[in-house]
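Peer 1: output the structure for:
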Amino acid sequence: MARIVTNTSAITSYKNYSRANLGMASSAEKLASGLRINRASDDPAGLAISEMMRGQIKAANMKIENNANQNSAINTADGYLQSVSDILGRMEELATEYADPTKTTTDKANLSAEFTALQTQITSIGNATFNGQNLWTVVGATAPTSGASIDDVSSVESEITSNSTLRGTLGATQSGLNYELVGLENYSENLAAAEGRIRNTDMAKEATTFSKFQILSQSALAMVGQANAMSQSVLRLLG
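Peer 2: A predicted model of the protein is given here:
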């Protein structure tokens, strides 16, 4: 009695069809998600590198935030020091006027009262806070105070010099922070771009891959049909 052998052509074609469909599904997922790596099995080594880079990016971004906070604190401090400069300028005027021998006792008392009030303002500035902390501790500077005497103009001039020096020091610190910020931003951007190349889908390349698997799937399916048709023809011939 005649025996029909296994239809190996149909089986092979179906295997090719299944593989093409799996490839097409994987490609479609990458196109839909925008990610080349959707699970660890897609690229274990690439995923590990990507995760490490993401940690480094987060750390860099936190440093950028810290830098911005420090800049804000220094800007605030410099604003206060500008006020101190204005106050000391007025105190110098008062001390100079106080030295005028034509001033009466009452005049000098009035000048002295204003001088003392201005010193109180400087003390208040020395107690300024930033995010709940002493501002001057945050920026690493000595808090402004005034121990000048109205009958000693040079003592006021000395405080003016100290205030100007402090502003210069904070300005230099801020300049360093700005250079650091540029470096951190470049580092974060370049790292993010490198991580994206590892994890993200190359849309043009993946679209080509999807089309390839689609064509292979259609071709394999056609071959399955053809192999089955040939098998049916043989069966009919054999009656």
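
Peer 1: show me what the lengthiest helix in the chain is packed up against.
Peer 2: Counting residues, the longest helix found in the chain (DSSP state H) is helix 44-98. Judged by 3 or more Cβ pairs under 8 Å, 6 or more residues apart in numbering; DSSP states H and E, helix 44-98 is in contact with helix 105-126, strand 129-130, helix 135-138, helix 153-199. Yep, even glycine has a C-beta here, placed from its N, CA and C like the rest.

Peer 1: domain map for this structure?
Peer 2: Following automatic domain parsing, the chain resolves into domains at 1-34+204-239, 49-200.

Peer 1: hey, least reliable of these by pLDDT?
Peer 2: Per-stretch mean pLDDT for the domains of the chain is lowest at domain 1-34+204-239 (a mean of 66).

Peer 1: re earlier: tell me which of the domains of the chain lies nearest to Ala40.
Peer 2: domain 49-200 (9.9 Å; Cβ to Cβ).

Peer 1: gap between the two ends of the closest one?
Peer 2: By Cα to Cα, to the nearest Å, the extent of domain 49-200 from end to end equals 13 Å.

Peer 1: stretch 124-133 too?
Peer 2: Terminal residues of stretch 124-133 lie 14 Å apart, using Cα to Cα.

Peer 1: any buried residues in it, and which?
Peer 2: Neighbour counts over stretch 124-133 (16 or more other Cβ atoms under 10 Å) mark 125-126, 128, 130 as buried.

Peer 1: how about the residue lying closest to Glu92 once chain neighbours are set aside, what does it touch?
Peer 2: Nearest residue to Glu92, sequence neighbours excluded (Cβ to Cβ, 6 or more residues apart in numbering): Val156, at 4.7 Å. Counting by Cβ atoms under 8 Å, 6 or more residues apart in numbering, Val156 touches 88, 91-92, 95, 148.

Peer 1: if you set the cut-off to 10 Å instead, what comes out?
Peer 2: Residues near Val156 by Cβ atoms under 10 Å, 6 or more residues apart in numbering: 88-96, 115, 146, 148-150.

Peer 1: how close does it get to Asp107?
Peer 2: 18 Å (Cβ to Cβ, to the nearest Å).

Peer 1: with Asn75 instead?
Peer 2: 40 Å.

Peer 1: what residue is smack in the middle of this structure?
Peer 2: The centre of the chain sits closest to Asn61, judged by Cα atoms, centre = their mean, with a distance of 3.1 Å.

Peer 1: wait, it sits on Leu184?
Peer 2: Yes. Counting by Cβ atoms under 10 Å, Leu184 is a contact partner of Asn61 at 8.4 Å.

Peer 1: phi, psi for Leu35 please.
Peer 2: phi -110, psi 130 (degrees, to the nearest 10).

Peer 1: report how many residues lie close to it.
Peer 2: Burial of Leu35 is recorded as 16 neighbouring residues (other Cβ atoms under 10 Å).

Peer 1: my guess is it contacts Ser26. True?
Peer 2: No. Using Cβ under 10 Å, Leu35 is not in contact with Ser26; the gap is 11.6 Å.

Peer 1: who touches both of the two?
Peer 2: Counting by Cβ under 10 Å, 6+ apart, the common neighbours of Leu35 and Ser26 are Asp42.

Peer 1: Asp100: what secondary structure?
Peer 2: The three-state assignment at Asp100 reads coil, by DSSP: H, G, I helix; E, B strand; the rest coil.

Peer 1: done for today, thanks.
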